[in-house]
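Chemist: This is the structure alone, sequence omitted:
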């Protein structure tokens, strides 16, 4: 049974943005080539464990980044964390991209590359081991990371679905 996601209001958080990639895009038209820029941006509040991503396209880079930030604020998700790491091992998939998130002990830090690192730091995860498998396309890697973060369950949620008390787990 699919659960309806509650929309998170961006105004309640102290969001920090980080540009993951900027891509120069050309469209060939009758009069020549039209140049524009596409920006992939991650926003998040590490203290509230809230993160989102968005893409923006415009004629200039700053405008594209601004559009990406606005798009990212519209699809924020809450991440279930235990202290400073992820509660359990999970694998997120999107297209040919897979992202593995593995809990790590205190003091490990964020062991992640590029796009996954941006999402983890924005979400406020301080200790995690990650592995990006398959594609290196930042769009697909970020979507796979968000799939993995969406699969994370906290102890209360697991106990409720199993019909047990939290202490029994």
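Modeler: That came through, no problem. Worth saying up front: this structure is predicted, and the values here are computed from it rather than measured. Numbering: from 1, shown residues only.

Chemist: mind listing what's buried in the lowest-mean-pLDDT helix or strand in the chain?
Modeler: Sorted by mean pLDDT, DSSP states H and E, the helices and strands of the chain end with helix 155-162, the least confident at a mean of 74. Going by neighbour count (16 or more other C-beta atoms under 10 Å), the buried part of helix 155-162 is residue 159. Using the backbone N, CA and C atoms, a C-beta is placed for each residue, glycine as well.

Chemist: Please list all residues in contact with the closest residue in space to residue 124 that isn't next to it in sequence.
Modeler: Excluding the flanking residues, the one nearest residue 124 by C-beta to C-beta, 6 or more residues apart in numbering is residue 46, at 3.2 Å. By C-beta atoms under 8 Å, 6 or more residues apart in numbering, the residues touching residue 46 are 16, 121, 122, 123, 124.

Chemist: Ok, residue 42 next?
Modeler: Applying C-beta under 8 Å, 6+ apart, the residues near residue 42 are 17, 18, 20, 51, 52, 53, 72, 118, 119, 122, 142.

Chemist: One more pass at 10 Å, please.
Modeler: Contacts for residue 42 (C-beta atoms under 10 Å, 6 or more residues apart in numbering) come out as 16-20, 51-54, 68-69, 72, 115, 117-123, 138, 142, 145-146.

Chemist: Helices of the chain, start to end?
Modeler: Under the criterion DSSP state H, the chain carries helices at the ranges 61-74, 114-123, 138-151, 155-162.

Chemist: Just name the most buried of the ones you listed.
Modeler: Among these, helix 114-123 has the highest mean neighbour count (mean count of other C-beta atoms under 10 Å), at a mean of 24.

Chemist: Mind giving me the packing neighbours of that helix?
Modeler: The helices and strands touching helix 114-123, judged by 3 or more C-beta pairs under 10 Å, 6 or more residues apart in numbering; DSSP states H and E, are strand 16-29, strand 32-45, strand 50-58, strand 97-103, strand 110-111, strand 128-133, helix 138-151.

Chemist: residue contacts, the nearest residue to residue 35 once chain neighbours are set aside?
Modeler: Nearest-residue entry for residue 35: residue 26, 5.5 Å, with adjacent residues in sequence omitted and distances by C-beta to C-beta, 6+ apart. The contact partners of residue 26, by C-beta under 10 Å, 6+ apart, come to 32, 33, 34, 35, 36.

Chemist: Give me the nearest residue to residue 23, chain neighbours excluded.
Modeler: Here the residue nearest residue 23, using C-beta to C-beta, 6+ apart, is residue 38, at 4.5 Å.

Chemist: Also residue 56?
Modeler: Counting by C-beta to C-beta, 6+ apart, the residue nearest residue 56 is residue 67, at 2.7 Å.
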